[in-house]
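S.K.: Predicted coordinates and the sequence they were generated for:
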Amino acid sequence: MRLVDTQHVERLRTLATAIRRRDLQMVYDAKLGHIGGDFSDIDILVALYFSVLRVDPNKPNNPDRDRFILSKGHSAGALYTTLAYRGFIPLDELNTFAQPLSRLNGHPDRKKVPGVETNTGPLGHGLPVAVGCAVAAKIDGAAWRTFVLTGDGELQEGSNWEAALSAAHYKLDNLTVIIDRNGLQQGDFTERTMHLDPLAEKWRAFGWSVREVNGHDYAALLDVFDQLPFEWGRPNCIIAHTHKGQGVSFMRDRPAWHHRVPNAEEYAQALQELDAQGGEHGSAL
Amino acid sequence: MKWAEAIPTRFAYGEELVALGHELPNLVVLEADISKSTQTYRFAKAFPERFFQMGVAESNMMLVAAGLATTGKIPFASTYAVFGTMRACEQVRTFIAHTHLNVKIACSHGGVTPGNDGVTHQATEDLGIMRTIPGITIIVPADYHATRKLVRAAAHHVGPVYLRFTRDPVPVIYREEDEFTIGKGKQLRSGSDVSLIAIGDMVAIALEAHEQLAQRGIQADVIDIHTLKPLDREIIVASARKTRRVVTLEDHQIHGGLGSAVAEVLGEECPTPLRRIGLRDTFAESGEYRLLLRKYGMDADAVVAAAMELLQR
Ligand SMILES: Cc1ncc(C[n+]2csc(CCOP(=O)(O)OP(=O)(O)O)c2C)c(N)n1
Ligand SMILES: [Mg+2]
């Protein structure tokens, strides 16, 4: 276990609050987006982009970069904001989210946005593509790693389980799936929609090495990423326990906030809550 | 016809399903986590014991629907059109069409009506894909009233049906008392200068173009082909014989859908100069629905231009 650098953790936390704030602004201005799922995975994205992924915004196509695939492509807002804060796209460009003919569409497009490895939006495709990336790294004996972030409702797509089989078969210990286990999907709670539990046992049975972590606790997230690969010869699965709408009290764990856009009053209250968490300072980082 | 009073056709689907639920005890509904979008949540509320939430798993849903149909149930399986026709394509082709099972694949978010959700959610190849599969009836209603009547007709029709609805609102062009028969097109305007043959949300655009052409003294025939398959060949050939000029309108690629179907009929029975309005072998951008129609030459101005070009030949 690595020593927790409390200053670094605090920096990430503040940054994540700033990213939530900017994402909220963006969704409010565009009048569309998926704020609930964004807020559930922003801490994971921040941990990845600011502490884990070996990527260089100045060389987004560097062949030796770590690959990251956002399988839950409806969280494009969270990804764009994180990419902007990490320097892949200008911060100003976030104003163009979902505007006609902008690069920042409702779902990410690899032909348009630097740092985006594949197009997503239709659920259940990210992990199979990530398997392809990881196999390529094995063929080439390359050191770069592949990460993929999926939703939990998304796991109901059978394609994920076909990919899970193949990743274990090809012993892809260079592949890590992070599951945003917020317990909610579009219409309802996952367990009321289509049971997923016991989830960790399923992945273990498919041949993966599994860790569970609080997906909003940076010390815990960094610690678990630090342990990669968990076991030689097995793909890695991190079940990140999260809350949809994390950061805003009235959005947290509420199904309606999957893709609701806040009205003026809700927007003001949400900003106030994020500011109380230090969100207004984040842009200075 | 007013855009201000437009209604998404998926709303009519949701309402008609509930009405049908009361009449047809064998009718069951399957859904893949988007029942607010597809409007099947209305049926789920009224008949929870006949509503099956299958989760985000469209391919499985289609096959479960097939299984239900083998026992005499009448399953309506709903999702977005891209997923219903593409992700679950082989399931539909081999286990619903080839088996000729009584499954209704009822999908919202047809054409570019999902607008800002972008290509991943826009279904612009679905009609071509479904049309090449033998034995599936394909229905794309133009407005709210047409949808209610045609959903009802589909429920009573025995055999696989693909229905496609809009996400975004489209103008109401029919009256509540208008009747529809599967496979019979609707003659909406009569004119002898040019034929405007349209499907789904593009019927409203054809009517707009008809107005603009009338202001120039040009009388257009306007036909609503709500059933792409089986296609009403007679109404198409009769109109083409009369006008000698045809423009097709579809919210779809110009390949494989209505334009292709009409070209095939005209080529075989009555060769006629033809212009096709639709996406020209390109994916659409993300953007608001009507803005996309304009950008891709699918609005009334573009239809008028195509008609004028045919008239000036
Ligand atoms: C194949 C497919 N079916 C349906 C949808 C519509 N959809 C978008 S998000 C979503 C729910 C996803 O839930 P989950 O994976 O848990 O994501 P999160 O809770 O993190 O938002 C659905 C059904 C889709 N994008 N793709
Ligand atoms: Mg979820």
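M.R.: Thanks, I have it. Numbering: from 1, shown residues only, chains lettered A, B, ... in the order given. Ligands and ions are numbered 1, 2, ... in the order given.
S.K.: Helices of the stretch 151-285 of chain A, residue ranges please.
M.R.: A:158-169, A:190-193, A:199-205, A:218-226, A:264-276 (DSSP state H, counting those that start in this stretch).
S.K.: Quick check: buried residues in the fourth one?
M.R.: Along helix A:218-226, these residues count as buried under the neighbour rule (16 or more other CB atoms under 10 Å in any protein chain shown): A:218, A:219, A:220, A:221, A:222, A:223, A:224, A:225. Where C-beta positions appear, they are placed from N, C-alpha and C, glycine not excepted.
S.K.: How about the first one?
M.R.: Using 16+ other CB under 10 Å as the test for burial, helix A:158-169 gives A:159, A:160, A:161, A:163, A:164, A:166, A:167, A:168.
S.K.: possible to save these as TSV with distance to chain B?
M.R.: Listed next are the buried residues of helix A:158-169 as TSV, based on distance: CB to the nearest CB, whole Å:
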residue	distance to chain B
A:159	8
A:160	10
A:161	10
A:163	14
A:164	15
A:166	18
A:167	20
A:168	21
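S.K.: Chain B contacts on chain A?
M.R.: A:32, A:73, A:98, A:100-102, A:105-107, A:109, A:119-124, A:153-154, A:156-158, A:185-188, A:193-194 (CB under 8 Å from any CB of the partner chain).
S.K.: Return the residues in contact with residue A:13.
M.R.: Contact partners of residue A:13, counting by CB atoms under 8 Å, 6 or more residues apart in numbering or on different chains, are A:218, A:278.
S.K.: mind checking which helix or strand it is in?
M.R.: Residue A:13 is located in helix A:6-30, with elements delineated by DSSP states H and E.
S.K.: Past that helix, which element shows up next along the chain?
M.R.: Using DSSP H and E, the first helix or strand after helix A:6-30 is helix A:35-47.
S.K.: got the residues of chain A near ligand 1?
M.R.: A:34, A:37, A:40, A:72, A:74, A:121-124, A:151-154, A:180, A:182, A:184-186, A:244, A:258 (CB under 6 Å from any ligand atom).
S.K.: again, 5 Å this time
M.R.: Residues of chain A found near ligand 1 (CB under 5 Å from any ligand atom) are A:37, A:72, A:74, A:122-123, A:151-154, A:180, A:182, A:184-186.
S.K.: how much space between residue B:61 and residue B:201?
M.R.: Residue B:61 sits 25 Å away from residue B:201, going by CB to CB, to the nearest Å.
S.K.: ugh, typo on my part, it should be residue A:197
M.R.: Residue A:197 sits at a distance of 42 Å from residue B:201 (criterion: CB to CB).
S.K.: cool, and residue A:13?
M.R.: Taking CB to CB, one finds residue A:13 at 47 Å from residue B:201.
S.K.: for chain A, which spans come out with low pLDDT?
M.R.: For chain A, residues meeting the criterion pLDDT under 70 lie at A:1-3, A:279-285.
S.K.: make it 50
M.R.: A:283-285 (pLDDT under 50).
S.K.: how about the closest residue to ligand 1 within chain A, what does it touch?
M.R.: Per CB to the nearest ligand atom, residue A:151 is where chain A lies closest to ligand 1, at 1.9 Å. Applying CB under 8 Å, 6+ apart to residue A:151 gives the contacts A:37, A:71, A:72, A:123, A:179, A:180, A:182, A:185.
S.K.: partner residues bridging it?
M.R.: According to DSSP bridges, the residues that bridge with residue A:151 are residue A:180.
S.K.: hang on, the earlier thing: can you add distance to residue B:277 and give the helices of the stretch 151-285 of chain A back as TSV?
M.R.: As requested, those are arranged in TSV below (distance: least, CB to CB, whole Å):
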stretch	distance to residue B:277
helix A:158-169	35
helix A:190-193	40
helix A:199-205	49
helix A:218-226	52
helix A:264-276	40
